[in-house]
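Enquirer: 3D, please:
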Amino acid sequence: MEQTRTRKLTEKERAELDRVTEVILQAKEKAYRETDSEPEPELTSAVDWPVQCTVGPGLEGAIAAETKIGYVNGTKGSLIYRGYDIFDLCAHSTFEETSYLLLHGRLPSTAELTQFTALLKRKMLIPRTHRLLMTFPVEEMLPMAALRLGTNLMRQKQTFRDQDTFLAEAKDHIATDDDSIPMETPPKGEKRSVFEFIRHIFSRPETAPSDLISSEEMESCYNLIGGVASVAAGIGRIRQGRMPLEPLPDLSLAGNYLYMLTGRRPTPLEERVMDVCLILHADHGMNASTFAAMVVASTLSDVYFAIGSGIAALSGPLHGGANVEVVQVLEEIGSPKNVTEWYKRAIKEHRKVPGFGHRVYKAYDPRARVLGPLSAMLAEADDNLKPLYETASKLEGEVVAALSEKKKIFPNVDFYSGIVYRSMGIDPHLYTTIFAVSRVAGWCARVMEYLEHNRIFRPRAIYTGTLNEQYVPIDQRSQPKGS
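Expert: Residues are numbered from 1 along each chain as shown. Alright, predicted model coming up:
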């Protein structure tokens, strides 16, 4: 689906865009040839609560919720949004249309998409938030910390939740202890909590300014999808000592993000490739940042704080930022001819190679299937990028040959995404913020879906400490050795 443009594309530009679509469809054909996307019955059927499942540390394997938003088949290597294959969305859709799909559960009509695209463009215009953000030392902060701050500043400027006159009343809500009792009573408690939540609409204070909204409304999701992109671009500008820019009327969200970040109008190819990147990252199951956002929302906090929690979780090196490490490693290797020796040393030193393996996928990550060929396409026209891509391609060959058969380790989404962003001249320090610009759509969709049948998250821990300790007054306690 072509983004709205006021300028007619040249023949070369049209050919480049057609080739992007062709590359994606070829990736789909290869994926379908090498694997099948047969769903897992135990993970794609209606849930009869409570469920029996095997749970590992960190809640690994735990079934915490039902969803119609996204499905990751790690064994087959497929990714589905609302029933649609990720390859088809990347080939034919846009980030705006994909966001609408995630939030509303269906593809929009032409009129709906036109209206939604224009709405998100307006939501990118947040001068008051940018002014507030510039009063902080953003250039001294990590970009993800600045992004979380900017999201909170959006909340303060867009909702009445911080107004002195607003106080959410808890009398109609389930309390934490009340909610936890039925499912924790041995042997397995009641099937449903008698205190189960019925969605509560917060009342609007009479004194709330007319331009402020609550934060449980869908409009807050629209604010966040447009606003986080704007804040992320503004952070890049501020770090360079420049002023944030306003969006252009004829660019998509992806195109405006690039324009507002770099200060130059992106080429149609850059806009299209960034749009594909945003689609690829928009949702990915119950990952750490999605879970963090849902946990916060389940307390009846609000969607801004929930998304801030998702950003905080994504900022951790075990979740976001691996594409930065990939680029650093590729630069360290230096050339395709150095790959074999470098990899031998890495194995000998038990060094983990970033960009390979995934907590869920035991097959080739479908997102990497798209980004790899796109990296190759971009490298063809960029002599500076070509050595980096060729090194990556050679390294992939080494790792897959060594580990794919026995350990099922393949490239993940991070292995080639950094190369794509490098082609656009984006500072590596900002790569993880791009992840958030995209994933905010999935976070919002998951939060809003969960709130429809909300139940505060309340897992338990096994106590392994001592029991029956006797309290000793401080003047009778022995002094610890070495103190």
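
Enquirer: which stretches of the stretch 351-483 of the chain form helices?
Expert: 366-380, 386-407, 413-423, 431-451 (DSSP state H, counting those that start in this stretch).

Enquirer: looking at these, which is closest to Thr466?
Expert: The closest of the helices of the stretch 351-483 of the chain to Thr466 is helix 431-451. By CB to CB, the value is 37.6 Å. (Each C-beta comes from the backbone N, C-alpha and C, glycine too.)

Enquirer: Mind giving me the packing neighbours of the longest helix anywhere in the chain?
Expert: The longest helix of the chain (DSSP state H) is helix 11-34. Using 3 or more CB pairs under 8 Å, 6 or more residues apart in numbering; DSSP states H and E as the contact definition, the elements that helix 11-34 packs against are helix 86-92, helix 268-281, helix 366-380.

Enquirer: what would those helices look like in JSON lines with distance to Lys28?
Expert: Shown next, in JSON lines, are these (distance: least, CB to CB, whole Å):
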{"stretch": "helix 86-92", "distance to Lys28": "4"}
{"stretch": "helix 268-281", "distance to Lys28": "13"}
{"stretch": "helix 366-380", "distance to Lys28": "8"}
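
Enquirer: Go through those helices and name the closest to Lys386.
Expert: Comparing the helices and strands packed on helix 11-34 by CB to CB, helix 366-380 comes nearest, at 4.5 Å.

Enquirer: and the angle from that closest one to helix 386-407?
Expert: Relative orientation of helix 366-380 with respect to helix 386-407: 150 degrees, computed using axes from the mean of the first three to the mean of the last three CA atoms, to 10 degrees.

Enquirer: Pull the distance from helix 366-380 to the chain's centre.
Expert: Relative to its chain's centre, helix 366-380 lies at 20 Å (CA atoms, centre = their mean, to the nearest Å).

Enquirer: Give me the helices and strands touching that helix, please.
Expert: Using 3+ CB pairs under 8 Å, 6+ apart, helix 366-380 is in contact with helix 11-34, strand 78-81, helix 86-92, helix 268-281, helix 386-407, helix 413-423.

Enquirer: can I get those in CSV with distance to Glu217?
Expert: Putting those into CSV (distance: least, CB to CB, whole Å) gives the following:
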stretch, distance to Glu217
helix 11-34, 35
strand 78-81, 23
helix 86-92, 26
helix 268-281, 23
helix 386-407, 44
helix 413-423, 32
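
Enquirer: and Glu219, which of these is closest to it?
Expert: Closest to Glu219 of the helices and strands packed on helix 366-380 is helix 268-281 (CB to CB; 20.7 Å).

Enquirer: And the contacts of the closest one?
Expert: 3, 5, 9, 13, 16-17, 20, 24, 86, 89-90, 93-95, 98, 251-255, 257-258, 266, 367, 370-371, 374, 378, 413, 417, 420-421, 423-424, 434-435, 437-439 (CB atoms under 8 Å, 6 or more residues apart in numbering).

Enquirer: Kindly report the same for stretch 56-69.
Expert: Taking CB under 8 Å, 6+ apart as the rule, stretch 56-69 contacts 46-47, 51, 53-55, 81-82, 102, 105, 283, 286, 291, 294, 442, 445-446, 449-450, 457, 459.

Enquirer: now do stretch 307-326
Expert: 142, 144-145, 147-148, 151-152, 155, 224, 228, 287-293, 295-296, 354-355, 392, 412, 414-415, 417-419, 421, 428-429, 431-432, 435-436, 439-440, 443-444, 447.

Enquirer: mind running it again at 7 Å?
Expert: By CB atoms under 7 Å, 6 or more residues apart in numbering, the surrounding residues in contact with stretch 307-326 are 144-145, 147-148, 151-152, 224, 288-290, 292-293, 296, 354-355, 414-415, 417-418, 428, 431-432, 435-436, 439-440, 443-444.

Enquirer: Give me the distance between the closest residue in space to Leu25 that isn't next to it in sequence and Thr21.
Expert: Leaving out its chain neighbours, the residue that sits closest to Leu25 by CB to CB, 6 or more residues apart in numbering is Ala91, at 5.3 Å. In this view, Ala91 and Thr21 are 5 Å apart by CB to CB, to the nearest Å.

Enquirer: neighbour count winner among those two?
Expert: When Ala91 is set against Thr21 and neighbours are counted by other CB atoms under 10 Å, the residue ahead is Ala91, at 21 against 14.

Enquirer: domain parsing for this protein?
Expert: 11-173+209-308+433-451, 324-423 (automatic domain parsing).

Enquirer: Looking at the shortest one now, give me its mean pLDDT.
Expert: So the one you mean is domain 324-423. Domain 324-423 shows a mean pLDDT of 93.

Enquirer: And for the longest one?
Expert: On average, the pLDDT along domain 11-173+209-308+433-451 is 91.

Enquirer: still on that earlier bit, now the domains of the chain in TSV, with distance to Gly482?
Expert: Putting the domains of the chain into TSV (distance: least, CB to CB, whole Å) gives the following:
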stretch	distance to Gly482
domain 11-173+209-308+433-451	32
domain 324-423	34
